[in-house]
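Q: Quick one, what's the 3D model for this:
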Amino acid sequence: MTQMKELSDAIISGNRNKASEIVSAQLAAGVGAGEILQALTTGMDEVGRRFKNNEFYVPEVLIAARAMKTAMGLLEPALVAAGIKREHTIVIGTVKGDLHDIGKNLVAMMLKGANFEVVDLGVDVPTEKFIAAAQEHNADIVAMSALLTTTMPYMRETVNAIKNAGLSVKVMIGGAPVTQQYAYEIGATGYSADAASSVDLARKLCEK
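A: This is a model prediction of the structure:
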């Protein structure tokens with residue numbers, strides 16, 4: 001088994017000590033940061049696939065994300081030195097009036113694992129904060145989560161505000177009460193039913 005395959009497997013199994021050991025050894029051996037990043041991303045992609053197919057559940061995903069975060073902490077300086085940047089930026093948050101963050105946090109972890117630059121605004125995020133962050137970070141996507149039907153209207157408000165501000169940013173939405181139909185109704189660019197699907201959706205939106 002190659003070291004890169006072992007690294008991917010370490011992420012999948014959530015073995016952060018093994019992942020860190022391999023990343024450090026590969027950097028010391030002069031292996032390119034981009035190649036190491038690809039192995040890490042491949043591992044998280046497999047985690048996402050298993051999560052989508054109900055082979056993995058939230059605990060396994062969280063453990064894998066923790067291993068990914070630890071490995072990326074070691075790799076980040078090498079990526080910066082090599083001039084390798086995350087290609088796309090996503091601003092994410094739970095909408096105004098909604099304090100639920102488990103689903104949003106999971107989506108943010110999966111997106112980071114897929115090599116997106118993620119700006120997490122937290123919970124109870126007002127429309128103007130989404131707009132300001134999208135402008136400040138030159139975001140490609142604004143991702144909004146809502147777990148309460150009473151807070152869903154703030155998604156519509158934010159979509160309208162983004163259009164009125166003349167931003168060319170894509171908007172993806174999700175959360176337990178949210179549907180594809182609602183995304184159509186409010187003019188959101190896309191809807192994701194779960195954390196794993198959000199990565200696929202974000203990639204598709206960034207290709208357009």
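Q: which residues touch stretch 94-108?
A: 58, 61-62, 92-93, 118, 120, 122-127, 143-148, 150-152, 154-155, 158, 174-176, 192, 195, 198 (Cβ atoms under 8 Å, 6 or more residues apart in numbering). (Glycine included, C-beta is placed from N, CA and C.)
Q: In ChimeraX, how would I select the buried members of these?
A: A single ChimeraX command selects the buried members of the contacts of stretch 94-108 (16 or more other Cβ atoms under 10 Å):
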select :61,92,93,118,120,123,124,125,126,127,143,144,145,146,147,148,151,152,154,155,158,174,175,192,195,198
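Q: Just the contacts of stretch 94-108: which are in helices?
A: Counting by DSSP state H, the contacts of stretch 94-108 place 58, 61-62, 127, 154-155, 158, 195, 198 in helices.
Q: how's this structure carved up into domains?
A: 3-81, 89-207 (automatic domain parsing).
Q: The ones in helices among the contacts of stretch 94-108 into JSON lines, with extra columns for distance to Gly187 and pLDDT?
A: Output for those, formatted as JSON lines (distance: Cβ to Cβ, whole Å; pLDDT from 0 to 100):
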{"residue": "Val58", "distance to Gly187": "31", "pLDDT": "87"}
{"residue": "Val61", "distance to Gly187": "30", "pLDDT": "91"}
{"residue": "Leu62", "distance to Gly187": "33", "pLDDT": "89"}
{"residue": "Thr127", "distance to Gly187": "14", "pLDDT": "98"}
{"residue": "Tyr154", "distance to Gly187": "14", "pLDDT": "98"}
{"residue": "Met155", "distance to Gly187": "10", "pLDDT": "98"}
{"residue": "Thr158", "distance to Gly187": "11", "pLDDT": "98"}
{"residue": "Ala195", "distance to Gly187": "23", "pLDDT": "85"}
{"residue": "Ser198", "distance to Gly187": "19", "pLDDT": "94"}
